[in-house]
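**Student:** take a look and give me a structure for this.
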Amino acid sequence: MKTTEQETLIQPVSKPILCNPYDEPSGHWYYDTSTGEASVMPGRRDAGYYYKIQRTGGVQQLSLLAEENWEELNLVNALRKDIKGWRESGYEWAT
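**Tutor:** Reported below is the predicted structural model:
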């Protein structure tokens, strides 16, 4: 794969899945955008996604990297917070 000076390749990790699927995540991967190297960060990662906006213009401009934007999923993050509180209360009102 050919890269430009502006691109950084994400480095693979030896153990991509860190957590048990039945428990709240205790850690997540964080990728350094300048080096492409991964490190484990404690806690759950906020829910959201990255998307690219394609630039408009001539052929040279289209060959540039598209900008990445982060869109947080506020409803998912609020729901996660409520569920965590419910679990910590001993599943109050659950039948």
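**Student:** hey, let's count contacts and neighbours off CA atoms from now on
**Tutor:** Will do.
**Student:** where in this structure is pLDDT low?
**Tutor:** Residues of the chain meeting the criterion pLDDT under 70: 1-8, 54-67.
**Student:** how about a cut-off of 80?
**Tutor:** 1-11, 33-34, 36, 52-68, 94-95 (pLDDT under 80).
**Student:** how about the helices in it?
**Tutor:** Remark: helices assigned in the chain by DSSP state H are 59-62, 74-88.
**Student:** pull the residues that contact the last one.
**Tutor:** Read that as helix 74-88. Applying C-alpha atoms under 8 Å, 6 or more residues apart in numbering, the contact partners of helix 74-88 are Asp46, Ala47, Glu92.
**Student:** before we move on, the earlier item: if you compare the helices of the chain, which one is most tucked away?
**Tutor:** Comparing the helices of the chain by mean neighbour count (mean count of other C-alpha atoms under 10 Å), helix 74-88 ranks first with a mean of 12.
**Student:** would a markdown table of the helices of the chain with distance to Tyr22 be doable?
**Tutor:** Shown next, in a markdown table, are these (distance: least, C-alpha to C-alpha, whole Å):
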| stretch | distance to Tyr22 |
| --- | --- |
| helix 59-62 | 44 |
| helix 74-88 | 13 |
